[in-house]
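[1] Let me see the structure of the following:
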Amino acid sequence: MKIIKAESFILHVPITPPITDAINVATHWGVTGVRLYTDEGITGYGYTGTCAQGDEMIAETIDRYYAKKLIGKDPFMVKQIWDELRYGEMHWIGRAGVTHMALAAVDIALWDIMAKASNKPLWQLLGGHKSQKIKAYNTNGGWLNWSQERLIADMSSILEEGFTAVKMKVGKPDPREDFARVQAVRRAIGDQVGLMIDVNQQWNITTAMTWGKKLEQFDLLWLEEPLNPDDIMNHRKLADELNVPIALGEHVYSKYAFRDYIHQGAVEYVQVDVTRVAGITEWLQIAGLAAAYDLPICPHVGDMGQIHQHLVASTPNAVLLEYIPWIRHIFEEPATVKDGFYVLPQMPGASTEIIPRYFEEYRVK
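    Here you go, the predicted structure:
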């Protein structure tokens, strides 16, 4: 089997209503990626996720620097291809960010081809571990722009759907408001529901030490991205001082950065995202590294769970998967949660194939 054509695409899928966290305002979710065509009629889809900003740079990297090196390649030589692209022309100017997100899209498309050619869903090709279902937690009711009343209403509605864990955003200019919102949610949902909070990097070490301590009383499952993601030293201080576990990974782009976080004891829930690191090939290496330290994997879902459901299902130390339903309707086999658990996909591939109607409707020309 050989690759005969590679072409990028950009989709902007509306988010209704628009949402905010402590950094971003999002009206659309960017699905930017690549279709790889083979001489045996199999097409692989791979993509990364954005807040619909900067997508043209990812697409340009794929078209100008990666596509030409893919023609004639055997997709089953995925690790060789990964090395050639990772250490190719873009290595000099970018070893993270745009280049890694572009490489992630290519790598995911290659794994999609391999799973389709093997006539298996990706989680089986990777070696299945969870054959029935994956526990999900829901992020889609906890946005920072929600009023406290809506926050509580949405969290309660999510629990009625069968979820047993929820995440909410914090990072208001005044941490006292964050405290009041977390307190109100915990009272509303009860003590038996898992509750996580996500700061989206908005605190400094002093704020994190002070308010992290105050928030411990609410029995949080984790404290996510409290500080700048490059600040390993202060994350270690927090991990040492707080009783709330530290979770991060959304803005960590390589196995080497994860290695340093893990080795220094600065992270306790590893949220490695396949769309941020350079695809499935590197994701699997990071999952193995975390397993060697007996740390749980709970991915951030830049892909909105389509690919990660396969990775979690095939990874022993992956224990929980985020659920945000914004783009599920565009896929041939959408990520599906029932009674609080992901239902494992059965179609061959990585669950990345997009329905043609939506591909054209949301495509940015």
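[2] Only C-alpha atoms from now on, for both contacts and neighbour counts.
    Fine.
[3] where exactly do the strands run in this protein?
    3-20, 25-38, 43-50, 133-138, 165-169, 194-198, 222-224, 246-248, 269-270, 321-323, 337-338, 341-343 (DSSP state E).
[4] Out of those, the one nearest residue 280 is which?
    Nearest to residue 280, of all the strands of the chain, is strand 43-50, at 10.4 Å by C-alpha to C-alpha.
[5] Report the mean per-residue pLDDT for the closest one.
    For strand 43-50, the mean per-residue pLDDT is 97.
[6] and that strand, which strands flank it?
    Strand pairing for strand 43-50, using DSSP bridges, gives strand 25-38 (antiparallel).
[7] quick revisit: wait, which of the strands of the chain is closest to residue 302?
    So among the strands of the chain, strand 43-50 is nearest, using C-alpha to C-alpha, at 4.8 Å.
[8] can you state the direction angle for that closest one and strand 3-20?
    30 degrees (axes from the mean of the first three to the mean of the last three C-alpha atoms, to 10 degrees).
[9] Walking through this protein, point out its helices one by one.
    Per DSSP state H, the chain carries helices over the ranges 55-61, 67-70, 78-86, 98-117, 122-125, 148-160, 175-189, 205-215, 232-241, 255-263, 280-292, 308-313, 356-362.
[10] now these as a markdown table including mean pLDDT?
    A markdown table is the format used below for these (pLDDT from 0 to 100):
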| stretch | mean pLDDT |
| --- | --- |
| helix 55-61 | 96 |
| helix 67-70 | 96 |
| helix 78-86 | 96 |
| helix 98-117 | 97 |
| helix 122-125 | 97 |
| helix 148-160 | 94 |
| helix 175-189 | 96 |
| helix 205-215 | 96 |
| helix 232-241 | 96 |
| helix 255-263 | 97 |
| helix 280-292 | 97 |
| helix 308-313 | 97 |
| helix 356-362 | 97 |
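[11] a markdown table please, covering the strands of the chain and showing mean neighbour count.
    Shown next, in a markdown table, are the strands of the chain (neighbours: other C-alpha atoms under 10 Å):
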| stretch | mean neighbour count |
| --- | --- |
| strand 3-20 | 18 |
| strand 25-38 | 22 |
| strand 43-50 | 26 |
| strand 133-138 | 22 |
| strand 165-169 | 24 |
| strand 194-198 | 23 |
| strand 222-224 | 25 |
| strand 246-248 | 27 |
| strand 269-270 | 24 |
| strand 321-323 | 26 |
| strand 337-338 | 17 |
| strand 341-343 | 20 |
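[12] what's the spacing between the most centrally placed residue in the chain and residue 339?
    Residue closest to the average C-alpha location in the chain (C-alpha atoms, centre = their mean): residue 301, at 2.3 Å. For residue 301, the distance to residue 339 (C-alpha to C-alpha, to the nearest Å) stands at 20 Å.
[13] just residue 168 next, same as before
    Counting by C-alpha to C-alpha - residue 168 and residue 339 are separated by 20 Å.
[14] and the nearest residue to residue 46 once chain neighbours are set aside, what does it touch?
    Distances taken as C-alpha to C-alpha, 6 or more residues apart in numbering put residue 109 closest to residue 46, at 4.0 Å, once the chain neighbours are dropped. Taking C-alpha atoms under 8 Å, 6 or more residues apart in numbering as the criterion, residue 109 is in contact with 34, 35, 36, 44, 45, 46, 47.
[15] ok, now residue 294?
    residue 317.
[16] Just send the helices of the chain back as JSON lines, with distance to residue 332 too.
    Output for the helices of the chain, formatted as JSON lines (distance: least, C-alpha to C-alpha, whole Å):
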{"stretch": "helix 55-61", "distance to residue 332": "23"}
{"stretch": "helix 67-70", "distance to residue 332": "25"}
{"stretch": "helix 78-86", "distance to residue 332": "24"}
{"stretch": "helix 98-117", "distance to residue 332": "13"}
{"stretch": "helix 122-125", "distance to residue 332": "15"}
{"stretch": "helix 148-160", "distance to residue 332": "25"}
{"stretch": "helix 175-189", "distance to residue 332": "34"}
{"stretch": "helix 205-215", "distance to residue 332": "42"}
{"stretch": "helix 232-241", "distance to residue 332": "40"}
{"stretch": "helix 255-263", "distance to residue 332": "31"}
{"stretch": "helix 280-292", "distance to residue 332": "20"}
{"stretch": "helix 308-313", "distance to residue 332": "15"}
{"stretch": "helix 356-362", "distance to residue 332": "9"}
